[in-house]
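Trainee: sharing a sequence plus its predicted fold:
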Amino acid sequence: MNVSHPSVHPVEVAPLPPTDGRAIVPPRVRMKVIQGMPGTIGGLSLRFCQFAYAVVSLVVMSTTSDFPSVTAFCYLVAAVALQSLWSLSLAILDIHALLVGRTLQNYRVVSLFSIGDGVTSTLTFAAACASAGITVLIGNDLGLCAQNHCKQFETATAMAFLSWFTALPSFLLNFWSLSSR
C-alpha cells in the first residue's frame, strides 16, 4: 500500500529584532522574468504579432462589402478591433519599459495584463470560431462562394486565429506568473 510519508523540513529561524528600535524589513520577492512576459523583448514580439494579425484580419474583413449582413463577421470585426487596440497599447508599454530599463513585474500590472489578455483572447477565439463556421457554411454547404467573398472571409478568419494563437502565450505566461507567486 502506497501511503505518503510525512517529511520534515527545516524551518528558518527569524533573526532577532534589533535592539535600537528599527523594524526588520523582510526581503522582497521578485517575479521571475521569462521571455514573453510584459516588459521583455519576447513580450514585445508577441504583442507585435497579435497586433499585426488582428489588423490584417480587421482590414481584410472590413474591405468586403457584405460582411455587415452576417452577425458572426460583425462580431469578428469588433473582436479583432479590440484585440488590436489592446495589443497596441501593451506593445507601447513594453517599448517604454524596455527603453527605461524597467520590468513590468508588479503584481497588479501583471494581473491586469492577465485579465485583459484572457478576455481579449477569448473574444477573438470565439469570433474566429463563429466566422469559420459561417465561412464553411457559405463555401462548402451552400456552395455560394461565387456570389460571396469566401477568400477574404477565410483570410480574415485565419488571421483572427493567428492573432488568438499569439495572444494565448501572453495570457498563459501572465497567469502562470500570478499563480506561482
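Mentor: Sure, I can see it.
Trainee: going forward, measure contacts between C-alpha atoms and count neighbours the same way
Mentor: Noted.
Trainee: please identify which helix or strand holds Y53.
Mentor: Following DSSP states H and E, one finds Y53 within helix 41-62.
Trainee: give me the mean pLDDT for the helix or strand following that helix.
Mentor: For helix 41-62, the following helix or strand on the C-terminal side (DSSP H and E) is helix 71-100. Averaging pLDDT along helix 71-100 gives 94.
Trainee: tell me the buried residues in stretch 89-102?
Mentor: L90, A91, L93, D94, I95, A97, L98 (16 or more other Cα atoms under 10 Å).
Trainee: not counting the helix holding Y53 itself, show me its contacts.
Mentor: Helix 41-62 is contacted from outside by 35-38, 67, 73, 76-77, 80-81, 83-85, 87-88, 90-91, 94-95, 98, 152-153, 155-160, 162-164, 166-167, 170, using Cα atoms under 8 Å, 6 or more residues apart in numbering.
Trainee: mind exporting the C-alpha coordinates of that helix to CSV?
Mentor: Taking Å, rounded to 0.1, in the frame of the first residue of the first chain, the C-alpha atoms of helix 41-62 are listed here in CSV:
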residue,chain,number,x,y,z
ILE,A,41,11.7,41.5,-25.9
GLY,A,42,9.7,38.3,-26.2
GLY,A,43,6.6,40.0,-24.9
LEU,A,44,7.0,42.9,-27.3
SER,A,45,7.4,40.5,-30.2
LEU,A,46,4.2,38.6,-29.1
ARG,A,47,2.3,41.9,-28.8
PHE,A,48,3.5,43.0,-32.3
CYS,A,49,2.4,39.7,-33.8
GLN,A,50,-1.0,39.9,-32.1
PHE,A,51,-1.4,43.5,-33.4
ALA,A,52,-0.3,42.7,-36.9
TYR,A,53,-2.6,39.6,-37.3
ALA,A,54,-5.6,41.4,-35.8
VAL,A,55,-5.1,44.4,-38.0
VAL,A,56,-4.8,42.2,-41.2
SER,A,57,-8.0,40.4,-40.1
LEU,A,58,-9.8,43.7,-39.5
VAL,A,59,-8.7,45.2,-42.8
VAL,A,60,-9.5,42.2,-44.9
MET,A,61,-12.9,41.7,-43.3
SER,A,62,-13.9,45.3,-43.4
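Trainee: renumber starting at 20 from here on
Mentor: All set: I'll call the first residue 20, so the last point we hit is now helix 60-81.
Trainee: what angle sits between that helix and helix 90-119?
Mentor: Interaxial angle, helix 60-81 versus helix 90-119 (axes from the mean of the first three to the mean of the last three Cα atoms, to 10 degrees): 150 degrees.
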